[in-house]
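Asks: model this:
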Amino acid sequence: MQRVRTLFEEYKDMVYRLALSYTGNPYDAQDISQEVFLRLIRWIDRIKVGSERAWLTKVTVNCCKNLHSSYERCHTRELLETDAVMQPEDGSLREMIMALPKDYRIVVYLFYYEEYSTKEIAKLLHVRQTTVTTRLHRARQQLRERLKEETE
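Replies: I've put the predicted structure just below:
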């Protein structure tokens, strides 16, 4: 159980930020974080020492994908989009990143904040490496345009 506590303390923020960047919703990110660490407790004996970060990242991405494909999520999307929890954009870079489409937001987060390579991101997301580089390029392009609009 000590290993679980250590991993939780070391990776709880990373898991939450990754889930938040994927979902764009803090409540969903909290739910996903809890699910990820519950799975960690169940699977801790089968996870190789040294591969915990990759395992947690992969499980987080998979939980995010599962959330987006669930029936409940599909049918409550309108309510979430109009919910008062949604924060207005204030022009900060973080807000601009969160406003990117999900596919772009997740690769930006994994590449810049978690420092995964494009090859590693492709493996985690089950897409080709060229898809990751294209998404990164398009995300940067959108961010440049938004930053330009902010300074004008």
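Asks: since we're on residue 3, how many residues are nearby?
Replies: 13 (other Cβ atoms under 10 Å). Every residue, glycine included, has its C-beta placed from N, CA and C.
Asks: Could I get the contacting residues of it?
Replies: Residue 3 makes contact with residue 44, according to Cβ atoms under 8 Å, 6 or more residues apart in numbering.
Asks: Next secondary structure after the helix or strand where it lies?
Replies: Using DSSP states H and E, residue 3 sits within helix 2-23. If you walk from helix 2-23 toward the C-terminus, the next helix or strand you reach (DSSP H and E) is helix 26-43.
Asks: just the angle between that next one and helix 2-23, please?
Replies: Between helix 26-43 and helix 2-23, the angle formed by their directions is 150 degrees, by axes from the mean of the first three to the mean of the last three Cα atoms, to 10 degrees.
Asks: Tell me the helices and strands packed up against helix 26-43.
Replies: Using 3 or more Cβ pairs under 8 Å, 6 or more residues apart in numbering; DSSP states H and E as the contact criterion, the neighbours of helix 26-43 among helices and strands are helix 2-23, helix 52-69.
Asks: Tell me which of those helices approaches residue 151 most closely.
Replies: Set against residue 151 and scored by Cβ to Cβ, the helices and strands packed on helix 26-43 come closest in helix 2-23, at 24.5 Å.
Asks: Looking at that closest one now, give me its mean pLDDT.
Replies: Here helix 2-23 scores 93 as its mean pLDDT.
Asks: Off-centre distance for it?
Replies: Mean C-alpha position of helix 2-23 versus that of the full chain (Cα atoms, centre = their mean, to the nearest Å) differs by 11 Å.
Asks: got it, and stretch 109-118?
Replies: In terms of Cα atoms, centre = their mean, the gap separating the centre of stretch 109-118 from the centre of its chain is 11 Å.
Asks: So which residues lie in contact with it, not counting its own?
Replies: 14, 17-18, 21-22, 57, 97, 120-121, 124, 129, 132-133, 136.
Asks: which residue is nearest the middle of the chain?
Replies: Nearest to the centroid of the C-alpha atoms of the chain, with distances taken as Cα atoms, centre = their mean, sits residue 18, at 2.9 Å.
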